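1. Quick one, structure for this:
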Amino acid sequence: MSTQDTTAPTLEWGWRGDGRLSGAAWFAALVLSTAGFLVVVNQIFNLGAFGFRPISTGYYYLLIALFLAVAFLSFPGARRDAHHVRWYDWLLAGLTLAVGGYLAWNATNIISRGWDLLAPDLPTAVAGALVLLALEGVRRCGGLPLLIICAVFAVYPLFAGSMPGVLWGSQYTLAETARAHAMGVESIIGIPMRVVSDLLIGFILFGVALVASGGGEFFMRLATALLGGTRGGPAKVAILSSGFFGSLSGSVISNVISTGAMTIPTMKRCGYPASYAGAVEACASTGGALMPPVMGAVAFIMASFLNVPYVDIMVAAAVPAILFYLILLLQADAFAARTGLTGLPRDQIPSLVATLRAGWIYLFSLGLLVTLLIGFSIESKAPFYASALLVVTAMLLQRGTGRIKVVANMMVEVGKNISHLIGILAGIGLIVGALSITGVGNAFSRELVQYAGDNVFLMLVLGALTSFILGMGMTVSACYIFLAIVLAPALIQSGLDRMASHMFILYWGMLSYITPPVALAAVAAAGIANAPAMATGMKAMRLGLVLFILPFLFVYNPALILNGTTVDVAVSVATAAVAVWMLSSAFERYLYFAGTLRAWHAVVLLAGGLALMMPEHRTDAIGLLALLMVYGERLMVHRRHRRPAA
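-> Here you go, the predicted model:
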């Protein structure tokens, strides 16, 4: 990256149809996405355009009709269709429009006449069609494993009365199950769908607008200007830029692909092993989904489950996310110091002043978003204002023509992103609906509390293992939603903090991104680095080891999610920061002002760091004593070597 790169922002997309969406399919996606976007704006801002004020359930059905149709055009049903939209894709898209439109038109009848319990034959048949379309949507957008899980739960009410023990629940007929899933308010149009429709679409727009206007390049330049010249600069640039980008996009895999394409080759050129470079990018991208202000879709779902403002989730996630990135930066620096790696050449580091001058609009838009979220609590509207500012300003600064083309492609990209989420969450809604209408979710929580007794740690370990295993086959959103129903109530009944309990589930569900055998982020990074996927996953797991520890810490010590007095929060955060430094030094066998460490030094620092992280401050003295022990021994060795021979 040269210093000449800090030019005015340019819009990255032209008029094009690439991959699967092209020609008539691209135009159809544009029309459907634009219609869906206008429906969302009309609803959120209560415009009442053309006298159209859809009731709540009608609004959700209408979005399913429009965006699930986009999903069938955007995502192939088979690998051979990756670049072609087949006739059956058009058929499914048309059927989705018809089914969703019919249910939206009859939204009042569904509520007033209780069609979710007893309905005529035609609405019942339409309900069954919606369930099948939701399952096909989740197959295309979430993969076969998630389809199997959703399908099993979709039909679970049919035989719940025959299940043993805690799995026993209320049993329904096929027609009753279809009506409950499609026309009830706890299944397909349940919490996941309501979160996307009411809150998340604006943030998806903001993320797409950021990429379209060149924000990804700006944050890469900014990270390079800040840390590129330091030792191990390329790895630090990868960590910081992925944190910036991930905090705004919320997507782990797209973060790896977009930022990793630039950071991983740079790390390799500067001497980092291929697997280590891939691991750094995988961990940094995973952390981006935990970093405020945007985070991932699951954070918005959590806010709905907890019935709290989204800003509360942002605040709770701030310190754990910062600690996660701090340990990555410290480990990258220690690795570079131990192995003698340097930073980027001066001619490859852009000017910080020139970078900020060229990209001020991105920081201003981000500041506006945070201000509106925290200061004005207009979560649903804030990202629309920030996106409008970003797009309008970037378009004014755009050189040349083609602005309408860029907006059109941006709208298609927004539609694809929304359709991907709706395709997944409509299927996940079947899980929520099945657990709700059968009553199994509440029964499972009660049994778990009785099984664990007073042993909260045992319950946390069981929850961590369950989250990790489910994270292998589900998306993080699906894993969180399932466990928020069956596990979180049990943790809360045991006396744990509500927010901390839900954050615990979220964090452990994220671990599958960097932990073999799944490790999707590590696999994606390994492909870019041309490194073995398993080796990259193992290194990513070691680099992200703090993520395994943090969930237990903030469950036992809510001060780390900023829940407590000012003194408690300050002491807990300070000791956690020192502990993170000690842990990173132990992992990399290098300590500032002491140099390379021996194995026993690392063991002592590891034990001391864990002691500092304990919620009871009585163990802080043990942690500090461990640090002083290592420094004292290294100082004595240094003096011994400097003593002249007799």
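2. any chance you could map the helices in the stretch 251-400 of the chain?
-> In the stretch 251-400 of the chain, the helices defined using DSSP state H, counting those that start in this stretch lie at 252-269, 274-288, 297-306, 310-339, 352-375, 382-397.
3. With the stretch 451-600 of the chain instead?
-> According to DSSP H, counting those that start in this stretch, the helices that the stretch 451-600 of the chain contains are 456-473, 476-486, 488-493, 498-510, 520-529, 533-543, 545-556, 566-588, 599-613.
4. Let me know the average pLDDT across the second one.
-> Same thing as helix 476-486. Taken as a whole, helix 476-486 has an average pLDDT of 79.
5. Then the last one?
-> The pLDDT scores in helix 599-613 average 89.
6. What helices and strands are in contact with the helix or strand following it?
-> Per DSSP states H and E, the first helix or strand lying C-terminal to helix 599-613 is helix 620-642. Judged by 3 or more CB pairs under 8 Å, 6 or more residues apart in numbering; DSSP states H and E, the packing partners of helix 620-642 are helix 566-588, strand 590-591, helix 599-613. Placement of C-beta: from N, CA and C, glycine included.
7. Highest mean neighbour count out of the ones you listed?
-> Mean neighbour count (mean count of other CB atoms under 10 Å) peaks for strand 590-591 among these, with a mean of 23.
8. Which strands or helices does that strand pack on?
-> Taking 3+ CB pairs under 8 Å, 6+ apart as the contact cut, strand 590-591 packs with helix 310-339, helix 620-642.
9. Identify whichever of the ones you listed lies nearest to residue 484.
-> helix 310-339 (12.9 Å; CB to CB).
10. mind listing what's buried in the closest one?
-> 310-337 (16 or more other CB atoms under 10 Å).
11. circling back to that earlier point, in TSV: the helices and strands packed on helix 620-642, plus distance to residue 271.
-> Formatted as TSV, the helices and strands packed on helix 620-642 follow (distance: least, CB to CB, whole Å):
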stretch	distance to residue 271
helix 566-588	15
strand 590-591	16
helix 599-613	23
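12. quick one: contacts for residue 245?
-> 215-216, 219-220, 255, 258-259, 288 (CB atoms under 8 Å, 6 or more residues apart in numbering).
13. if we can go back for a sec, where among the helices and strands packed on strand 590-591 is the average confidence lowest?
-> helix 620-642 (a mean of 83).
14. Out of the contacts of residue 245, which is nearest to residue 580?
-> Using CB to CB, the contacts of residue 245 come closest to residue 580 at residue 288, 18.2 Å.
15. start to end distance for stretch 435-445?
-> 12 Å (CA to CA, to the nearest Å).
16. and the helices of the stretch 451-600 of the chain as CSV, adding distance to residue 209?
-> As requested, the helices of the stretch 451-600 of the chain are arranged in CSV below (distance: least, CB to CB, whole Å):
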stretch, distance to residue 209
helix 456-473, 30
helix 476-486, 23
helix 488-493, 34
helix 498-510, 26
helix 520-529, 24
helix 533-543, 30
helix 545-556, 30
helix 566-588, 33
helix 599-613, 39
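17. worst average pLDDT in those helices?
-> helix 456-473 (a mean of 74).
18. Residue 47 against residue 41, yeah?
-> Yes. Using CB atoms under 8 Å, residue 47 is in contact with residue 41, at 7.0 Å.
19. More neighbours: the two, which one.
-> More neighbours surround residue 41 than the other of residue 47 and residue 41, with 16 against 12 (other CB atoms under 10 Å).
20. Please, which helix or strand holds that one?
-> Taking DSSP H and E as the definition, residue 41 sits inside helix 23-44.
21. Check residue 104 too.
-> Residue 104 belongs to helix 87-105, assigned by DSSP H and E.
22. Would you mind pulling up the elements that that helix packs against?
-> So helix 87-105, by 3+ CB pairs under 8 Å, 6+ apart, packs with helix 56-74, helix 121-142.
23. how does it look with 10 Å?
-> Here helix 87-105 touches helix 23-44, helix 56-74, helix 107-112, helix 121-142, helix 174-183, going by 3 or more CB pairs under 10 Å, 6 or more residues apart in numbering; DSSP states H and E.
24. any idea of the angle the fourth one forms with helix 174-183?
-> The reference is to helix 121-142. When axes from the mean of the first three to the mean of the last three CA atoms, to 10 degrees is applied, the directions of helix 121-142 and helix 174-183 differ by 60 degrees.
25. do the same with the second one
-> Orientation of helix 56-74 against helix 174-183 (the same axes, to 10 degrees) gives an angle of 90 degrees.
26. Give the buried residues for helix 56-74.
-> 57-74.
27. What of stretch 261-276?
-> Quick answer for stretch 261-276 (16+ other CB under 10 Å): 262-268, 270, 272-276.
28. which of those residues has the weakest pLDDT?
-> Within the buried residues of stretch 261-276, pLDDT is lowest for residue 270, at 84.
29. for it, phi and psi?
-> phi -90, psi 10 (degrees, to the nearest 10).
30. which helix is the longest one in the protein?
-> Using DSSP state H to define each element, the chain has its longest helix at helix 403-438.
31. relative orientation of that helix and helix 297-306 in degrees?
-> Going by the same axes, to 10 degrees, helix 403-438 makes 40 degrees with helix 297-306.
32. how distant is helix 403-438 from the center of its chain?
-> 15 Å (CA atoms, centre = their mean, to the nearest Å).
33. pLDDT (mean, whole number) over that helix?
-> The model assigns helix 403-438 a mean pLDDT of 88.
34. Read off the pLDDT value for residue 645.
-> 50.
35. Show the contacting residues for the residue lying closest to residue 416 once chain neighbours are set aside.
-> Nearest residue to residue 416 in three dimensions, chain neighbours excluded: residue 74, at 4.9 Å (CB to CB, 6 or more residues apart in numbering). By CB atoms under 10 Å, 6 or more residues apart in numbering, residue 74 lies in contact with 19-21, 25-26, 29, 33, 67, 85, 89, 93, 140-141, 412, 415-417, 419-420, 423.
36. Type out the PyMOL command that picks the buried ones from those.
-> Only the buried entries of the contacts of residue 74 go into this PyMOL selection, using 16+ other CB under 10 Å:
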select buried, resi 20+21+25+26+29+33+67+85+89+93+140+141+412+415+416+417+419+420+423
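37. where's residue 286 relative to residue 217, distance?
-> Applying CB to CB, to the nearest Å, the value for residue 286 to residue 217 is 22 Å.
38. meant to ask about residue 477
-> 29 Å.
39. Can you tell me which of the contacts of residue 245 has the most neighbours?
-> residue 288 leads the contacts of residue 245 on contacts (other CB under 10 Å) with 32 neighbours.
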